[in-house]
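K.L.:
give me a model of this one.
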Amino acid sequence: MTQVWLMELLKGTGKLFLHPLFYYLFFIAAYLGVSRVKRERKNFHVRAKDAYFELRQLLPIGLIIGLVLSIITVASGLVVPFAFILLTAALTFLLSLTKQVRLLSPIYTVGIAFFLLVFMAGQTMNVPLIGRYFSSLENTIFPSIAILLGLLVIGEGILIRKNGALGTSPKLIKSKRGQTIGVHEVKRVWMLPVFLFIPGGAIQPWPVFEMGDNLYSLMFVPFALGLQQQIQGMLPKEAIRMHGGRVIALGIIVLAAAVASFWYPLAAIAAVAIGILVREALTIFQKIRDENRPFYFSKKNDGMMILGIIPESPAAKMDLHVGELVTKVNGISVYDEKSFYEAIQRNAAHCKLEVIDTNKQIRFVQRALFEGEHHQLGILFVQDEKKWDHAVV
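P.N.:
This next block holds a predicted model:
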C-alpha cells in the first residue's frame, strides 16, 4: 500500500507540469517584473530591483506553504471534482486579462468557481471533452471546496505577511494639490500548489488507486495568489504585514464556516459569499484609510526622506532603510538635491550621514566610497518634477 501511495504522489507531482496554469503564472510574474522596471526607470532613471525579482518570488515560499496545506488536504481526504480545477484555471486566465493582480486571489478565482459549480451541478452541458465533468457533479462536493478556499486564503495571508513586504517598488505620483510625492507599490503573484484528491471517474484514463469504496487520483494543483497594493501614508512593510494579518483572519473565518457546512450545508455558500464580500471590504478599507493619512514620503524641511535603496549599492551596505530621514551629510545639514551633492563633494572618499530612523532615533552611519562602485550612493529620494531626472543620489 505504501508503494501505491508513493507512486501516486510521484504521478500527482508530474501532473503539475501538465497544467497550463503552471507556465502561465511564470509569464505573469515576468510581465510584472518588466513593467515594474520600465516604470522605475521612467521615475528615477534606474531600477530598484532587476526584472527577475518577481520570478524569483513566484514559487519557493508558495511551494513550502502548499506542501503544508497538502498534508491537511490529504490527511482529511479532501476531494474536489475535476470540473472545479478546470473552472479555477479558466477564471485565473480571464481575471488576469484585467491586469488587476489582486483579482488572482483565490477568494475570487475559487469563490467564483464555487458559485458557478452550484448552478452547473446536475446540468447537461454539450461541450466537447469537458461537458461530462460537469454533468456528474454532486452537491456533496461544495463543503470540500469551501474548506479548500479557507485554507488557500490562510496561505495567502501568510505569503503576504512573509513575502509581500519584500521588495516593494518606489514610485513618484502627483497629489491632488499637484505636489510630487513618493509611494510604494507592490504587484506580486505567487504560485501555491496543493495536492488534492480527484474522483477517479473524472480523469480517466489516468491511474487511480482504491481508498475505501471509492477510486481517486492525486493531483498537484497550482493556484494563483495575487497582491496589489499602493501605500502612501505609512511604512510599506507595516501596511502590508497588517493587511496580511487581516487576510489570515478572514481565512480562519471562512474555514470555520466551511467546516460547519458538513452539518449545515448552506454554511458553505455563506462562507464563500462572506469571504468575497469581506475581502472586497478589506481592500476598500485599506485604500480609504491610507489616503486619509498624511503623505509619508514627501519633501521634508528638516532632511531628505529615503524613498528607496538600490540593492548592492553603498547605501545598502551602510544599512540605510526606506522611511529614514537623512538630515546631515559630512556634518552639513541637507534639505534638497543641491545641498546633498555639495555636502557629498566635501569628502568624495568618505561619507558620514546623520539619520533619523523610523523609530525617531538619531543614528550615524559612515563608509568609505570607492571609485567604480554602484551608481552614486544608491538612494532614491522624492524630488520636484523638474528634478525627476536626478531623483537618485
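K.L.:
all contacts plus neighbour counts: C-alpha atoms, from now on.
P.N.:
Will do.
K.L.:
what helices or strands is the helix or strand harbouring residue 37 leaning on?
P.N.:
Taking DSSP states H and E as the criterion, residue 37 maps to helix 20-44. Here helix 20-44 touches helix 53-58, strand 169-174, strand 180-199, strand 214-231, going by 3 or more Cα pairs under 8 Å, 6 or more residues apart in numbering; DSSP states H and E.
K.L.:
would you mark the buried spots in the first one?
P.N.:
Read it as helix 53-58. For helix 53-58, burial by neighbour count (16 or more other Cα atoms under 10 Å) applies to 53, 54, 55, 57, 58.
K.L.:
show me the shaky parts of the stretch 101-250 of the chain.
P.N.:
Within the stretch 101-250 of the chain, the segments meeting pLDDT under 70 span 121-140, 201-214.
K.L.:
go again using 80 as the cut-off
P.N.:
For the stretch 101-250 of the chain, the stretches with pLDDT under 80 are 120-141, 178, 199-215.
K.L.:
what about the residue lying closest to residue 166 once chain neighbours are set aside, neighbour count?
P.N.:
Leaving aside its chain neighbours, residue 166 sits nearest to residue 237 (7.6 Å; criterion: Cα to Cα, 6 or more residues apart in numbering). Per other Cα atoms under 10 Å, the neighbour tally for residue 237 reads 20.
K.L.:
helix/strand/coil for residue 237?
P.N.:
helix (DSSP: H, G, I helix; E, B strand; the rest coil).
K.L.:
what's the separation between it and residue 61?
P.N.:
Using Cα to Cα, to the nearest Å, we find residue 237 at a distance of 18 Å from residue 61.
K.L.:
and for stretch 61-71, what's in contact with it?
P.N.:
Stretch 61-71 has contacts (Cα atoms under 8 Å, 6 or more residues apart in numbering) with 151, 155, 159, 190, 191, 192, 193, 194, 195, 196.
K.L.:
what's near enough to touch the first one?
P.N.:
If you count contacts by Cα under 8 Å, 6+ apart, residue 151 has them with 69, 251, 252, 255.
K.L.:
among those residues, which one lies nearest to residue 309?
P.N.:
Nearest to residue 309 among those, counting by Cα to Cα, is residue 251 at 33.8 Å.
K.L.:
relative to residue 272, how far out is that closest one?
P.N.:
Distance, residue 251 to residue 272, by Cα to Cα: 10 Å.
K.L.:
how many other residues sit next to residue 347?
P.N.:
When neighbours are counted by other Cα under 10 Å, residue 347 registers 14.
K.L.:
re the thing from before, of the buried residues of helix 53-58, closest to residue 17?
P.N.:
residue 58 (15.3 Å).
K.L.:
and the pLDDT at the closest one?
P.N.:
If you check residue 58, the pLDDT there is 96.
K.L.:
the residue nearest to residue 166 is in contact with residue 163, isn't it?
P.N.:
No: with contact defined as Cα atoms under 8 Å, residue 237 does not reach residue 163; the gap is 9.9 Å.
K.L.:
average pLDDT for stretch 355-362, rounded please.
P.N.:
What stretch 355-362 shows for mean pLDDT is 92.
K.L.:
kind regards, and thank you for your time.
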